[in-house]
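>>> fold the following for me, if possible:
(chains A and B)
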Amino acid sequence: MQIKKLTTLACATAFATLSGAANAQISGNTVKVGVLTDLSGTYSDLAGAGAVLATQMAIDDFIAEAKPAFKVEMVSADHQNKADIASNKAREWFEREGVDAATELVTTSTALAVMKVAKEMNRIALMSGPASTPITNEQCNDVTVHYTYDTYALANGTARAVTKQGGKTWFFLTADYAFGQALEKDSSAVVTATGGKVLGSVRHPFPASDFSSFLLQAQASGAQIIGLANAGADTTNAIKQAAEFGITPKQSLAGLLMFISDVHSLGLKNTQGMYLTTGFYWDRDDATRAWSKRFFDKQKRMPTMVQAGQYSSVLHYLRAVDAAGSDDSAKVMAQMKKTPINDFFAKNGQIRDDGRMVHDMYLVQVKKPEESKYPWDYYHVRQTIPAAEAFQPLSESRCPLIKK
Amino acid sequence: MEIFGVPSALLGSQLLVGLINGSFYAILSLGLAIIFGLLNIINFAHGAQYMMGAFVAWIALTKFGINYWVSLLLAPIVIGALGVVLERTMLRKLYKLDHLYGLLLTFGLALIFEGLFRDQYGISGQSYEVPELLQGGVNLGFMFMPIYRAWIVVAALTVCFGTWFMIEKTKLGAYLRAGTENPQIVQALGINVPLLITFTYGYGVALAAFAGVLAAPVYQVNPLMGSNLIIVVFAVVVIGGMGSIMGSIVTGLGLGLIEGLTRVFYPEGSAVVVFIIMVIVLLVRPAGLFGKAV
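This is a model prediction of the structure:
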């Protein structure tokens, strides 16, 4: 009797040890992805609930394709575009809830705060939403991936194309905070380098609703192009009011950061002919259409580049965990960096040592209302900007991780 | 010709734009001042009610094909009626308590309203076209003046001065003022004071909704459009003197002009200039420019 009991116990122990050994590399046998995004504020349409949905889709697709031995869970929270809320939440997730990666992180200030916490706790930060280049320059670290786009790529696409097409004189309407100033600086550099001239700029408070004063100053400058170095509701209000005051079409607007959700909300009548740079357009090819239709069925809106990038980054992360057989940050980062990204979002995308994911970007022009044949048929893809040209070259990098 | 290094044409156009924004401040702060003056309620839901006015116009147009001119009347009635319901069911219970309770209740209501609309319509906002009759603009020589903006000034000022006239010069207004001074005596004279107060809150809210419809074609109609504006409007009311009818109108217009000038000379400061003035006024005249010291 005694012996039988002992045997059972020994067997049980052996079994537990064995099954534990099989998954020793994945803590708690669970990979937990946290989506930290703006669920209620000014960026909630371009990221928000759609980014949460994209994450869930990535997890579902990963489980279906890889049938992993570990579990994958998702948590999400609203960071309200506030850096302190974002970093507190990330810390709580990492310390107490076993979250392996904090993702999305729209709004530069929240992104910068969370990537510091991630570094401190040795977890991973995947950034699809934020725009500013310091993430992969001055502030760069080895646990962060900046995935979808950045201000350099936007300026490089839109400002270059518009200047080359004859828009030689520029005036900037700039949101008066870190992101707007970065966008203005990057764009001015491109305009000057392409042979254009910057006549001036005006910094408006963020957020603002009435742009007429600022637009009249832009008008008085006589510049051919008014560059909108702002985002979200600021951009849409400025575009609408420029038409009202008869500034367009005499002078042209260049939206330096516009999402398809902005075009959708303004309508083609107000935005037709505008150039913009994007990392993703749902109607580009069969693969983008197939994924976007799945997204649309659930969300009732077509995905923005942030939401598509969120799916791609989370899927790439989960595949890397699976391939590395570990959720250890260093191993997963190494795996992610060495594997090229090939899905509907990116072709041969590559994560560099500064954390920048480089992939093709697209210069698109907004269609005229009569050219739009079906819902969300908004863009002509005018040019594919190859990955090698789209992003800041490593030779210009200010990231300490890059040895020159 | 230049004034302080700024071309006079630019300065002129900025003053005009300031006047337009001032009209919005005037009509919104007027509603707040009436509600505070007669009910002693700090109506923090004013911005949300302004937003709902714009949304009623947008929904009426896109879902029911009801045009702008009808909405200009319809939205204030709908939102005003909602205000009446709020007053009857909730605010009424707070009159005897400290101001703070009314502020907290209306602030909570504002968050709920904004949350509901955000959930339903998202944050990017909806486009509302300028009505056909008011499209286009006139060249004033120094600027291109959209006709719709001129209409905003005319409509807002007409409603503001109409309201002032009604409260200060008519018998109904006299009842209202008397009712707030001494409700017991007025009630004893056979006037239904609670009804008057309900009507007043409904009217204040209707003013906000009216401003919302005026704003719909100029700004994107979005759930947070009111919350951005309401803080400035509160500052306007404080500067003008809490509860002063004429004070809120004049201050609203004046601050619009000052803000317009700031946008030329120091654009970065245009968001705070109103608050700097508020601090100065509170230091020098704590009851506000037009308020009576208690």
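>>> now A:Trp376: how far from chain B?
14 Å (CB to the nearest CB, to the nearest Å). From N, CA and C alone the C-beta is placed, and that goes for glycine too.
>>> so how many other residues sit close to the closest residue in space to that residue that isn't next to it in sequence?
Nearest non-adjacent residue to A:Trp376, counting by CB to CB, 6 or more residues apart in numbering or on different chains: A:Met302, 4.5 Å away. Neighbours of A:Met302 under the rule other CB atoms under 10 Å in any protein chain shown: 23.
>>> OK, contacts around A:Met302?
For A:Met302, the contact set (CB atoms under 8 Å, 6 or more residues apart in numbering or on different chains) comprises A:260, A:264, A:282, A:292, A:295-296, A:376.
>>> make TSV out of the residues you listed and add secondary structure.
Below are these laid out as TSV (DSSP: H, G, I helix; E, B strand; the rest coil):
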residue	secondary structure
A:Ile260	helix
A:His264	helix
A:Trp282	coil
A:Ser292	helix
A:Phe295	helix
A:Phe296	helix
A:Trp376	coil
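>>> rewinding a little: the residue nearest to A:Trp376: what secondary structure?
Taking three-state DSSP, the label given to A:Met302 is coil.
>>> tell me the pLDDT of it.
In this prediction, A:Met302 carries a pLDDT score of 97.
>>> cool, and B:Asn192?
Reported pLDDT for B:Asn192: 88.
>>> closest one of the contacts of A:Met302 to A:Leu318?
Set against A:Leu318, the nearest of these by CB to CB is A:Phe295 (18.0 Å).
>>> isn't that closest one up against A:Pro303?
Yes - assessed by CB atoms under 8 Å, A:Phe295 is found in contact with A:Pro303 at 4.7 Å.
>>> more neighbours, the two?
Neighbours were counted for A:Phe295 and for A:Pro303 using other CB under 10 Å; A:Pro303 has more, 31 against 20.
>>> hmm, which two among the contacts of A:Met302 are most spread apart?
A:His264 and A:Phe295 (14.2 Å).
>>> spit out the residues that contact A:Phe295 and A:Pro303 alike.
In contact with both A:Phe295 and A:Pro303: A:50, A:54, using CB under 8 Å, 6+ apart.
>>> my read is B:Lys292 is in a helix, agree?
No - looking at B:Lys292 with three-state DSSP, it is coil, so not inside a helix.
>>> which pLDDT value goes with it?
pLDDT at B:Lys292 comes out at 72.
>>> need the pLDDT of the closest residue to it other than its chain neighbours.
Distance criterion CB to CB, 6+ apart; nearest residue to B:Lys292, sequence neighbours excluded, is B:Gly241 at 7.4 Å. Looking at B:Gly241, its pLDDT reads 86.
>>> hang on, B:Gly241 packs against B:Phe290?
Yes - the pair B:Gly241 / B:Phe290 is scored as a contact, 4.2 Å apart, by CB under 8 Å.
>>> pull up the overlap in contacts between the two.
B:247-248.
>>> so where's chain B shaky on pLDDT?
B:1-3, B:293-294 (pLDDT under 70).
>>> can you pull the residues of it lying near chain A?
Taking CB under 8 Å from any CB of the partner chain as the criterion, chain B approaches chain A at residues B:7, B:9-10, B:13-14, B:17-18, B:20-21, B:115, B:118, B:122-127, B:130, B:137, B:143-144, B:146, B:148-149, B:218-220, B:222, B:224-225, B:228-229, B:260, B:263-264, B:267-268, B:270-271.
>>> in chain B, which helix is the longest?
If you go by DSSP state H, chain B has its longest helix at helix B:8-39.
>>> now the strands for chain A?
Using DSSP state E, the strands found in chain A span residues A:30-37, A:71-78, A:101-104, A:124-127, A:144-146, A:169-175, A:197-204, A:225-229, A:252-255, A:275-278, A:350-351, A:357-358, A:361-366, A:379-385.
>>> can you tell me how far the closest residue to B:Ala156 other than its chain neighbours is from B:Val236?
Nearest residue to B:Ala156 in three dimensions, chain neighbours excluded: B:Ser23, at 3.7 Å (CB to CB, 6+ apart). Using CB to CB, to the nearest Å, B:Ser23 is found at 12 Å from B:Val236.
>>> what of A:Ser76?
39 Å.
>>> ok, B:Gly241 and B:Phe290, which is more surrounded?
B:Gly241 (24 against 20).
>>> for the residue nearest to A:Trp376, give me phi and psi.
A:Met302 adopts backbone torsions of phi -80, psi 150, taken as degrees, to the nearest 10.
>>> skipping adjacent residues, who's closest to the residue of the stretch 101-250 of chain B found nearest chain A in space?
Proximity of the stretch 101-250 of chain B to chain A (CB to the nearest CB) peaks at B:Ser124, 3.7 Å away. Leaving aside its chain neighbours, B:Ser124 sits nearest to A:Ser265 (3.7 Å; criterion: CB to CB, 6+ apart).
>>> quick one: contacts for that neighbour?
Contacts of A:Ser265 by CB under 8 Å, 6+ apart are A:45, A:236, B:124-127, B:220.
>>> in chain A, what helix or strand scores lowest on average pLDDT?
Within chain A, no helix or strand scores below helix A:2-22, which has a mean of 48 by mean pLDDT, DSSP states H and E.
>>> rewinding a little: among the strands of chain A, which is nearest B:Asp98?
strand A:71-78 (31.7 Å).
>>> and the closest one, which strands flank it?
strand A:30-37 (parallel) (DSSP bridges).
>>> can you give me the buried ones in the strand it pairs with?
Judged by neighbour count (16 or more other CB atoms under 10 Å in any protein chain shown), strand A:30-37 contains these buried residues: A:31-37.
>>> next one: stretch A:326-344
For stretch A:326-344, by 16+ other CB under 10 Å, it's A:326-329, A:331-333, A:335-337, A:339, A:341, A:343-344.
>>> could you dump that stretch to CSV, C-alpha only?
Output of stretch A:326-344 as CSV, limited to C-alpha atoms (Å, rounded to 0.1, in the frame of the first residue of the first chain):
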residue,chain,number,x,y,z
SER,A,326,11.2,31.1,-25.5
ASP,A,327,9.7,34.3,-24.4
ASP,A,328,13.0,35.7,-23.2
SER,A,329,13.2,39.2,-24.6
ALA,A,330,16.8,39.0,-26.0
LYS,A,331,16.1,35.7,-27.7
VAL,A,332,12.8,36.9,-29.2
MET,A,333,14.3,40.2,-30.4
ALA,A,334,17.2,38.3,-32.0
GLN,A,335,14.7,36.0,-33.8
MET,A,336,12.5,38.9,-34.9
LYS,A,337,15.5,40.8,-36.3
LYS,A,338,16.9,37.9,-38.2
THR,A,339,13.6,36.9,-39.8
PRO,A,340,12.3,39.0,-42.7
ILE,A,341,8.7,40.0,-42.5
ASN,A,342,6.5,38.7,-45.4
ASP,A,343,2.8,39.1,-45.1
PHE,A,344,0.1,41.3,-46.6
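>>> which residues are contacting that stretch?
Contacts for stretch A:326-344 (CB under 8 Å, 6+ apart): A:25-27, A:31, A:100, A:122-124, A:142-143, A:145, A:285, A:287-288, A:290-291, A:308, A:312, A:315-317, A:319-321, A:323-324, A:348-353, A:357, A:359.
>>> quick one: buried ones out of those?
Here, 16+ other CB under 10 Å leaves A:26, A:31, A:100, A:123-124, A:142-143, A:145, A:288, A:291, A:308, A:312, A:315-317, A:319-321, A:324, A:349-352, A:357, A:359 buried among these.
>>> fine by me, thanks again.
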